[in-house]
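Undergrad: I would like the atomic coordinates for the input below:
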Amino acid sequence: MDTNPTQRHAFRIPVGDWSGDGHGKCDYIDATAAKPIGDVREAYFAAKAKVPALIHPESFCEAYEDSSVPDDVAAALRAAGAPLPEDLEDGFGGDAMAAIVAWFINQGDPACDVRLDGNPPPMLPFYGCDEQNRHIGFIGYGLLGG
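TA: Take a look at the predicted model:
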């Protein structure tokens, strides 16, 4: 168990086809927790046993091109206190789903204190040039293209 109560454990919440065996599109939302990833996973499973199946993150928007939250699911999420954008037509995407996942995990174990980070670690490559007119471009671009 973690002995440093101020330490946060970083992890990613993939929203979409994280395995790449379907449409291949995925948003990766960075998050942190007060507990290590193993405990976060246990909290997810605990939430599945505790929260109505209708609002499990795996139970809606799960099919290809299923990009809207059904009215009954939205009502149940709101009733349970989940963070849900007011405008589901324009406001529901990867970030909104990740916020529901974080909320869901915290239902299983509030001590996990899962939070969306909003501060992803920097990437090695970058757009444009640095102050010395240097650039790091694509690495292995052709490896993943098909």
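
Undergrad: Any stretches of the chain with poor pLDDT?
TA: In the predicted model of the chain, residues 1-5, 17-24, 63-67, 90-91, 119-122, 139-146 satisfy pLDDT under 70.

Undergrad: Show me where it has its strands.
TA: 9-16, 26-33, 115-116 (DSSP state E).

Undergrad: what's in contact with the first one?
TA: To tie it back to what came earlier, the one meant is strand 9-16. By CB atoms under 8 Å, 6 or more residues apart in numbering, the residues outside strand 9-16 that reach it are 2, 23, 25-37, 40, 94, 97-98, 101-102, 116-117, 121. C-beta here means a position set from N, CA and C on the backbone, and glycine is covered the same way.

Undergrad: between it and strand 26-33, how big is the angle?
TA: 150 degrees (axes from the mean of the first three to the mean of the last three CA atoms, to 10 degrees).

Undergrad: send the alpha carbons of strand 9-16 over as PDB?
TA: What follows is strand 9-16, C-alpha atoms only, in PDB (Å, rounded to 0.1, in the frame of the first residue of the first chain):
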ATOM      1  CA  HIS A   9      -0.800   7.800  -9.300                       C
ATOM      2  CA  ALA A  10      -1.200   8.700 -13.000                       C
ATOM      3  CA  PHE A  11      -3.100   6.600 -15.400                       C
ATOM      4  CA  ARG A  12      -5.000   7.000 -18.700                       C
ATOM      5  CA  ILE A  13      -8.700   6.400 -19.400                       C
ATOM      6  CA  PRO A  14      -9.100   5.400 -23.000                       C
ATOM      7  CA  VAL A  15     -12.400   6.300 -24.600                       C
ATOM      8  CA  GLY A  16     -13.000   4.500 -27.900                       C
END
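
Undergrad: for it, which positions count as buried?
TA: Neighbour-count burial for strand 9-16 flags 9, 11, 12, 13, 15, 16 (criterion: 16 or more other CB atoms under 10 Å).
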